[in-house]
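Asks: quick one, structure for this:
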Amino acid sequence: MDIKLHSQHFDMGEALQTHIQDKMEAINEKYFNRAINVSVTMSKDTKSLFKTHIALTVGKDIHVSATSQEHDAYASFDGGAEKIAKQLRRYKRKLRDHGEQMENAEHMKVPEYALGLSLLDDQVDQLTDEEIESQNEPVIVAEMTTNIQTMSVSDAVMRLNLSGNNAMMFRNSKNNGLNMVYRRQDGNIGWVDPEQGAKAISNAA
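Replies: Below is the predicted model:
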């Protein structure tokens, strides 16, 4: 397993690095033992608050992420690591039972774009309505390729929860149609199937 460590505005130190590596290895061995890579990024702000972001790849396009903030660097990392462990614990059996199936799942590559706002908030007050309308088009700030995989709705919900993202598109294995699951404000997961419309499904799926 490849572990990459990054620190911003503070020296991570050898002892903390060893602590992080040992804990991530232990989590991987206990819950999945198939992790490909781990990225741990820690930063310290002006209020001496340590923020940790952990991103873990445990299979073909199966991503797990967690964020934690504490006033102690070790506590910040441990909080994020515990969140990762809880997510893997929740789906431990499903990940192991369907690991090979998900590894061999069909997928298609499509372009993905990140859009930025062309106008900042402080610029809006200085322009007329006509100027805002003419300039307020989104700007493409990044272009990348993403995989849309074929899977069941329950697998899509699992991957959404593991990744921490707000939405995910996938190809439904039952009808081969493009579907989407997304996180609703009420805490449930929404499921959009163009053939059946939109519906809410329990977050425990």
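
Asks: switch to C-alpha atoms for all contacts and neighbour counts from now on
Replies: OK.

Asks: then residue 87 would be within a helix, right?
Replies: Yes. Going by DSSP: H, G, I helix; E, B strand; the rest coil, the assignment for residue 87 places it inside a helix.

Asks: what about the nearest residue to it once chain neighbours are set aside, how many neighbours?
Replies: The shortest distance from residue 87 to any non-neighbouring residue, by CA to CA, 6 or more residues apart in numbering, is to residue 162 (6.2 Å). Using other CA atoms under 10 Å, residue 162 has 21 neighbouring residues.

Asks: which is the next helix or strand following the helix or strand containing residue 162?
Replies: In this assignment (DSSP states H and E), residue 162 forms part of helix 153-163. With elements assigned by DSSP H and E, the helix or strand that comes after helix 153-163 is strand 167-172.

Asks: list the buried residues for stretch 12-23?
Replies: Within stretch 12-23, the residues that qualify as buried are 20, 21, 23, counting by 16 or more other CA atoms under 10 Å.

Asks: same check, this time on stretch 73-81
Replies: Buried, per 16+ other CA under 10 Å, within stretch 73-81: 73, 75, 76, 77, 78, 79, 80, 81.

Asks: doesn't residue 69 make contact with residue 51?
Replies: Yes. Counting by CA atoms under 8 Å, residue 51 touches residue 69, with 4.4 Å between them.

Asks: so which of the two has more stuff around it?
Replies: residue 51 (23 against 20).

Asks: can you name the residues bridging to residue 183?
Replies: Assessed by DSSP bridges, residue 183 has beta-bridge partners residue 189.
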